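**Q** structure for this input, please:
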Amino acid sequence: MPWRSVWPMPCREPYSGCGRRPTVSADTSGALLHRRGYRQATTKAPLRETLAAALLAASGWDGVAPLVDPMCGSGTIPIEAALAARRIPPGARRAFAVERWPGVSAEVARAARSELGAATLDAAPGPIIGSDRDAGAIESARGNAERAGVLGDMELAVHAISAMRLPDSERGWIVTNPPYGVRVGEAGRVRDLWAQLGNVLRRRASGWRLTLLSPDPALERQLQIPLRLVARTTNGGIPVRIVSGEVP
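**A** From the prediction side, this is the model:
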């Protein structure tokens, strides 16, 4: 089995035992944990599954209220939302390295999956909607959602932000990962896109909760929506902020 040994740095206190014990760690997962197993079709600059799940958790979404991603790309955020809403354990359809360890039988793995899946719901309790102007992205999203077993729990459509559809609800969640414009010459176009997103949300989604990834507070200001910092992380090596707020 894969393993590694790490020697801690010596401490300054004699007789404490610090620095004299090795730490041995074993690889229980195999493939990286963000690889849930369903995302075989991707688009440009895909969002990691674990980061999509973190966005949903940071948003405070309850798994029942409507959730919309108007720039869903290959569908990672809506798919993770559907998995969470149905209480499907992350990675339930993939294999883990621990299953190949000596002493871990196939029966043990099946029993663990059965126990974790006992609370799974047959369907998502509320509407989950993903859209993108790129028809190829929506095709990828449908394939990924089908592999994840949640295609029937969401609505996926091809349309621009200006045609964004919201369920008939006074309150819901917008969770999305807008383009950042890191390439030369894209900055102006991306600023306009963020401004357009803000205009559409203020007109159609008043009272809804918005949570998104942002690389720059200057882009956030284009939305004209009050946002607070929830967390900092990276996406594809780019430092980003998870920000959230209510659409006025």
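**Q** next, the contact list for the residue sitting nearest the centre point of the chain, please.
**A** Taking Cα atoms, centre = their mean as the criterion, residue 52 is the residue nearest the geometric centre of the chain, at 0.7 Å. For residue 52, the contact set (Cβ atoms under 8 Å, 6 or more residues apart in numbering) comprises 76-77, 79-80, 177. No exception for glycine: its C-beta is placed from N, CA and C like everyone else's.
**Q** likewise residue 130?
**A** 68-69, 72, 75, 77-78, 138, 141, 154-157.
**Q** who's in contact with the lengthiest helix in the chain?
**A** Using DSSP state H, we find that the single longest helix of the chain is helix 187-204. With contacts defined as Cβ under 8 Å, 6+ apart, helix 187-204 is touched by 70, 161-162, 164, 166, 174, 178-181, 208, 210, 219-220, 222-225, 247-248.
**Q** could you redo the last one with a cut-off of 6 Å?
**A** 161, 164, 166, 179, 181, 219, 222-225, 247 (Cβ atoms under 6 Å, 6 or more residues apart in numbering).
**Q** how about that helix, which residues are buried there?
**A** Residues 190-191, 193-194, 197-198, 200-201 are the ones in helix 187-204 that count as buried (16 or more other Cβ atoms under 10 Å).
**Q** just give me the closest of those residues to residue 36.
**A** Nearest to residue 36 out of these is residue 197 (Cβ to Cβ; 27.4 Å).
**Q** for the closest one, give its distance to residue 82.
**A** Applying Cβ to Cβ, to the nearest Å, the value for residue 197 to residue 82 is 23 Å.
**Q** ok, now residue 225?
**A** Residue 225 sits 26 Å away from residue 82, going by Cβ to Cβ.
**Q** neighbour count winner among these two?
**A** residue 82 (25 against 20; other Cβ atoms under 10 Å).
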